[in-house]
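[1] sequence first, then the predicted structure:
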Amino acid sequence: MSVLRQIQRSRMIDGRVLSNEALTKRLYALRLDVESLQFEAGQFVRLELDIDGEKVARPYSLVNIPGDPVVEVFFNTVPGGKLSNALAALQKNDIVSVSQPASGFFILSGTPAARDLWLIATGTGLGPYLSILPTGQLWERFENVVLVHGVPYCEELVYQDVINLVQSKYPERFRYLPCVSREKNPTGLNGRITDTLNRGDLERSVGFPISKATSSVMLCGNHNMIKDVQSILAARGMQKHLHHKPGQILTEQYF
């Protein structure tokens with residue numbers, strides 16, 4: 001079933017705002033009370049608001065782990081973005097429509113088996129990994145897990161509490177590689193993800209390669225990053241994982 005068909009079959013239910021935290025000037029963590037929202041880590045929902053008489057909706061990945069009674073969405077505002085700026089203005093007890101059931105195939109059960117799993121994201125593409133990282137299924141299936149997060153500025157390396165908790169629980173098996181492109185990064189790598197991959201910085205940092213023989217790769221975030229990383233990995237014989245054609249790379253495309 002395609003993502004489009006899943007979206008068409010969904011229904012909207014009310015979500016009541018519990019909190020709306022500004023993490024930076026443009027990044028927000030929206031927490032909602034939503035009754036009976038079932039999902040698998042990595043999936044997304046649509047959030048919908050009535051703006052000037054028009055219903056405006058967009059998909060957002062769920063950050064919270066399955067079973068958590070508080071639904072959390074990580075989003076960024078964009079200049080002129082009707083929905084993103086309206087979401088940023090939400091206050092406690094406001095109502096936002098949430099699609100049910102959740103959608104998407106960017107999930108562990110659809111990820112090819114491998115020794116190492118690389119979770120590569122830019123910006124708010126970090127969201128689904130925050131839901132996936134604490135799940136027991138992840139650590140049962142993969143020996144090593146590497147989280148790569150690319151942002152323009154250090155202040156956008158958010159959700160450090162979640163990442164640190166995973167690091168403390170799996171110190172020998174989990175690596176976190178923050179990549180900052182527009183200023184010096186004292187705690188990680190400098191440059192765009194594609195630059196650090198081309199230079200070999202990512203693999204040197206963890207001590208093992210991204211290879212067809214040992215790796216599965218999940219990509220989420222900027223479409224150009226996804227396209228470019230896929231191209232780099234294609235030169236290594238790696239390809240997108242499809243139901244009818246198994247590969248090593250899993251991506252999520254909302255549009």
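    Noted; the coordinates are in hand. Numbering: from 1, shown residues only.
[2] I'd like to know how far Ser99 sits from Val71.
    The spacing between Ser99 and Val71, counted by Cβ to Cβ, to the nearest Å, is 11 Å. To be clear about C-beta, it is placed using only N, CA and C from the backbone, and glycine gets the same treatment.
[3] report the set of residues contacting both of these two.
    Shared contacts of Ser99 and Val71, defined by Cβ atoms under 8 Å, 6 or more residues apart in numbering, comprise Val45.
[4] buried stuff in the longest helix seen in the chain?
    Ordering each helix of the chain by length in residues (DSSP state H) puts helix 223-234 first. Taking 16 or more other Cβ atoms under 10 Å as the neighbour-count basis, helix 223-234 is seen to contain the buried residues 225-226, 228-230, 233.
[5] where do the helices of the stretch 51-200 of the chain begin and end?
    Assignment of helices within the stretch 51-200 of the chain using DSSP state H, counting those that start in this stretch yields the ranges 82-88, 127-132, 136-141, 160-169, 193-199.
[6] how about JSON lines for those, with mean pLDDT, distance to Thr111 and mean neighbour count added?
    Supplementary listing: the helices of the stretch 51-200 of the chain in JSON lines, determined by pLDDT from 0 to 100; distance: least, Cβ to Cβ, whole Å; neighbours: other Cβ atoms under 10 Å:
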{"stretch": "helix 82-88", "mean pLDDT": "98", "distance to Thr111": "29", "mean neighbour count": "18"}
{"stretch": "helix 127-132", "mean pLDDT": "98", "distance to Thr111": "9", "mean neighbour count": "25"}
{"stretch": "helix 136-141", "mean pLDDT": "96", "distance to Thr111": "8", "mean neighbour count": "14"}
{"stretch": "helix 160-169", "mean pLDDT": "98", "distance to Thr111": "17", "mean neighbour count": "14"}
{"stretch": "helix 193-199", "mean pLDDT": "97", "distance to Thr111": "19", "mean neighbour count": "19"}
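[7] make TSV out of those and add distance to Gly150.
    What follows is these, written out as TSV (distance: least, Cβ to Cβ, whole Å):
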stretch	distance to Gly150
helix 82-88	20
helix 127-132	13
helix 136-141	21
helix 160-169	14
helix 193-199	4
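[8] minimum distance to Phe106: which of the ones you listed has it?
    Go through those one by one with Cβ to Cβ and the one that ends up closest to Phe106 is helix 127-132, at 5.8 Å.
[9] that closest one packs against which elements?
    strand 54-61, strand 70-76, strand 116-122, strand 215-220 (3 or more Cβ pairs under 8 Å, 6 or more residues apart in numbering; DSSP states H and E).
[10] strands paired with the longest one, and their directions?
    Its sheet considered, strand 54-61 pairs with strand 44-51 (antiparallel) by DSSP bridges.
[11] okay, the strand it pairs with in CSV with CA atoms only?
    Once non-C-alpha atoms are left out, strand 44-51 reads as follows in CSV (Å, rounded to 0.1, in the frame of the first residue of the first chain):
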residue,chain,number,x,y,z
PHE,A,44,4.1,9.7,10.9
VAL,A,45,0.8,11.4,11.3
ARG,A,46,-0.7,14.4,9.6
LEU,A,47,-1.4,17.5,11.7
GLU,A,48,-4.3,19.7,10.5
LEU,A,49,-5.5,23.2,11.4
ASP,A,50,-8.2,25.4,10.1
ILE,A,51,-6.4,28.5,8.9
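[12] good, we can wrap up now.
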